[in-house]
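Asker: Here is a sequence with its predicted model. Questions after.
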Amino acid sequence: MDLMQSLMISTAGMKVQGERLRVVAENLANAESVAEVPGGDPYRRKTITFRNEMDRALGLETVQVDKVGVDRSDFRLKYDPGNPAADDKGYVKLPNVNSLIEMTDMREAQRSYEANLKAIEVARGMLQRTIDLLR
């Protein structure tokens, strides 16, 4: 594998981890939101999946976002009869977002992003040294 291919692979990795960070940030921003109508469903946690894709022009496999889906797990219930979003029994549905899981996902995505960035920096440094030797 040449250095340009490693740059392309790392770039693709950074792009998908950036998208993953966006999804996690959206989940965290909506973690305590409620439905707009009484008894309605609140925000549903989003998930992201990846797939390998062959880039025929470059002759290598890169990672791509496969899809952004939704988590179908149950909503949390909270007894709050004074809330405008409460159902007839006084329960409010809260999003199925667990902040601890989201923070863990964010940390993992951040570290993966940083690892890809470091790989790009190393490849760039090697290219620069090669150019310096050729001068």
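Answerer: Good, I have the coordinates.
Asker: OK, contacts around the spatially most central residue of the chain?
Answerer: Centrality entry for the chain: nearest residue to the mean C-alpha point is Arg20, 1.3 Å, by CA atoms, centre = their mean. Each residue near Arg20 by CB atoms under 8 Å, 6 or more residues apart in numbering is listed here: Ile48, Asp105, Ala109. Every C-beta, even on glycine, is put in place using the N, C-alpha and C of the backbone.
Asker: tell me how far the helix or strand encompassing the last one is from the chain's mean position?
Answerer: Using DSSP states H and E, the secondary-structure element containing Ala109 is helix 99-134. Once both centres are worked out by CA atoms, centre = their mean, to the nearest Å, helix 99-134 turns out to sit 17 Å from its chain's centre.
Asker: what's that helix packed up against?
Answerer: Applying 3 or more CB pairs under 8 Å, 6 or more residues apart in numbering; DSSP states H and E, we find helix 99-134 packed against helix 3-29.
Asker: List the contacts of the following helix or strand past the helix it packs on.
Answerer: Using DSSP H and E, the helix or strand that follows helix 3-29 in sequence is strand 46-55. Contact with strand 46-55 is made by 8, 16, 19-20, 23, 26-27, 60-71, as judged by CB under 8 Å, 6+ apart.
Asker: go again using 10 Å as the cut-off
Answerer: Residues from elsewhere that reach strand 46-55 (CB atoms under 10 Å, 6 or more residues apart in numbering): 5, 8-9, 12-13, 16-17, 19-24, 26-27, 30, 60-72, 97, 105, 109.
Asker: Which among those residues count as buried?
Answerer: With burial judged by 16 or more other CB atoms under 10 Å, the buried subset of the contacts of strand 46-55 is 8-9, 12-13, 16-17, 19-21, 23-24, 26-27, 30, 60, 62-63, 65, 97, 105, 109.
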